[in-house]
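Enquirer: I'll drop the sequence and a predicted model, then ask my questions.
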Amino acid sequence: MQRDIDFITELGRPFLAHRLRRLAELFVEGYGRWLPDLGVEAPPRTLSTFLLLEREGPLGITEVAARLRLSHPLVIKLVRGLETQGFVEALGDPGDGRRRLVALTVAGHGQAATIARAVRVLDRAYAGLIAEIGVDLVEACSRVEKACLDTSFEERLRRAAETNQQKETTCASPW
């Protein structure tokens, strides 16, 4: 049995989400190993959280999740880690005592400045990759996201299943 064949690639288009997740992991692992060279101590998956809090100031977890389009539980997990590292702190919302706001600490603001410098290098690296492969992945992702917001992927699956069912019915012959 040959083990070096990529089974997921072999399965093709139906496993696009799997391929995209792997690609994302390649990127995150790559810049995760590189970020400490620039003085970034924050986990690589938190860069956008830092930049959002730096730009917008204290925000609730729900707002962070909505702005980054990440799940609420994931943002809670990321923020807890940043609290442990001393980069963010929880503040009470003066307008709503039940609500908790997340704010950068002094260390967090310093880290955000370092992250902003790293992001400029990331942008150049992605630009080089895009030029090399001749496909603007950022634009393609934007177009796919918009299309899926216009017509959900669930709806697309239902339509494809219906079309498949019609083809099977039409092609079925008792002889």
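Expert: That came in fine, so what should we check first? Residues are numbered from 1 along each chain as shown.
Enquirer: Just after the longest strand along the chain, pick out the following helix or strand.
Expert: Ranked by number of residues, the top strand in the chain under DSSP state E is strand 96-104. With elements assigned by DSSP states H and E, the helix or strand that comes after strand 96-104 is helix 106-133.
Enquirer: picking that back up, give me the contacts around the longest strand of the chain.
Expert: By CB atoms under 8 Å, 6 or more residues apart in numbering, the residues outside strand 96-104 that reach it are 50, 53-54, 57-61, 64, 79, 87-93, 111-112. C-beta: built from backbone N, CA, C; applies to glycine.
Enquirer: In PyMOL, how would I select the buried members of the residues you listed?
Expert: Of these, the buried ones go into a single PyMOL selection, burial set by 16 or more other CB atoms under 10 Å:
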select buried, resi 50+53+54+58+59+61+64+79+87+88+89+111+112
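Enquirer: Low-confidence regions, the chain specifically.
Expert: Applying pLDDT under 70 to the chain picks out residues 1-3, 97, 164-175.
Enquirer: Which of the three states applies to the residue minimising distance to the centre of the chain?
Expert: Central residue of the chain (CA atoms, centre = their mean): Leu70, 7.2 Å from the mean position. Following DSSP: H, G, I helix; E, B strand; the rest coil, we place Leu70 in the coil state.
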